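Trainee: Quick one: sequence plus predicted model below, questions after.
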Amino acid sequence: MSKKDKAKTRRKPFFITLIDQIKQDKKAYIVFLVLSILILGVIVHSIIARRYENLFTGLLASALLLIPPFIEKSFRVKLPTTLEILAYAFVFCAEILGEIGNFYQTFPFWDLMLHAFNGFMFAAFGFCLVDIFNKSKRFRFALSPVFLAIVAFCFSMTVGVMWEFFEYAADTLLHTDMQKDLVLSGIDTVSLPNALGEKVTHLYDIQKSVIYTADGQIVEMAGYLDVGLADTMEDLFVNFIGAAVFSVIGYFYVKRRGRGIIAGQFIPVFSGEGDNTEQNEADASTKETQRQP
């Protein structure tokens, strides 16, 4: 890229540079464009219907769609087409279909499926980011495939925890229900007294709970209402499974660089624009990493 072209790029608004980044992959750009139009329709409908919670979700989805090109531009990586398309689809399935389309309630597996893929996908990002540092001449260290897998796994789990923090914050501040409340049939608690003098009270086969509010509302439900905890732990558990699965796949991919068909579709690669020296050192570092136990 010439200095003149770089100057033109710098003058462009940041949003436009992200769109230009997406356009480099035609298949991903088509998916991005279609989903963006659908989300825009949801936003307009939410404004007309005065559904401001849906409006917030639509705006959030629009912002999340820009994360893949932002990562590519900021970290100088190239996302595989498969990963980029699935990332866009993940945002649409989670925010538009899941939250606004009520898929989380209609299909019980929907939330678990997305969180499992979330763990899988961010483990791939973790491999990419650490592998970039592993190759870069700016960082003088080399990690074995085992440690790469461990760091990628921890990165994915951290992202999963941060997302649960976001859901809790939204539920607390905006009065949403992103951490879905579940009706359970039994609880073990130290908050309720019992006649046997035991520290933990065990309540099983709960048939009905009744809630009375100060304004006179009476709500009955067939069981005990768990406020988000069970959903959060299920989400983190399936995130754990997804992260663990890809960490194993990524380990063998790093161990035998270039032979992993599945991993190659998901692990971003360093673009190395304009720095052949660093790329050569990266290749040498990769060989050194592969020789380590």
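Mentor: Thanks, I have it.
Trainee: Okay, the nearest residue to V183 once chain neighbours are set aside and Q217: tell me how far apart.
Mentor: In space, and not counting its chain neighbours, V183 is closest to G223: 4.2 Å by Cβ to Cβ, 6 or more residues apart in numbering. Every residue, glycine included, has its C-beta placed from N, CA and C. The gap separating G223 from Q217 is 19 Å, by Cβ to Cβ, to the nearest Å.
Trainee: Who has more neighbours out of those two?
Mentor: Just comparing G223 and Q217: by other Cβ atoms under 10 Å the higher neighbour count belongs to G223, 16 against 8.
Trainee: And that one, how close does it get to E84?
Mentor: Taking Cβ to Cβ, one finds G223 at 42 Å from E84.
Trainee: cool, S156 as well?
Mentor: For S156, the distance to E84 - Cβ to Cβ - is 18 Å.
Trainee: Compare these two and say which is more crowded by neighbours.
Mentor: Between S156 and E84, counted using other Cβ under 10 Å, the more crowded position is S156 (27 against 23).
Trainee: Let me see the contact set for that one.
Mentor: N118, G119, F120, F122, A123, F125, G126, N239, G242, A243, F246, S247 (Cβ atoms under 8 Å, 6 or more residues apart in numbering).
Trainee: The same query, at a cut-off of 10 Å, please.
Mentor: For S156, the contact set (Cβ atoms under 10 Å, 6 or more residues apart in numbering) comprises 118-127, 239-240, 242-244, 246-247.
Trainee: now do F125
Mentor: Contacts for F125 (Cβ under 10 Å, 6+ apart) come out as 68, 71, 75, 77, 79, 83, 87, 152, 155-156, 159, 246, 266-268.
Trainee: Flag the shaky bits of the stretch 151-293 of the chain, pLDDT-wise.
Mentor: Counting by pLDDT under 70, the ranges of the stretch 151-293 of the chain that qualify are 257-260, 271-293.
Trainee: redo that, cut-off 90
Mentor: Residue ranges of the stretch 151-293 of the chain with pLDDT under 90: 151, 170-171, 174-183, 189-199, 201-203, 225-231, 249-293.
Trainee: Tell me which residue is most central in the chain.
Mentor: The centre of the chain sits closest to N118, judged by Cα atoms, centre = their mean, with a distance of 4.4 Å.
Trainee: Would you check that it makes contact with M162?
Mentor: No: contact criterion Cβ atoms under 10 Å: N118 and M162 do not qualify, at 11.1 Å.
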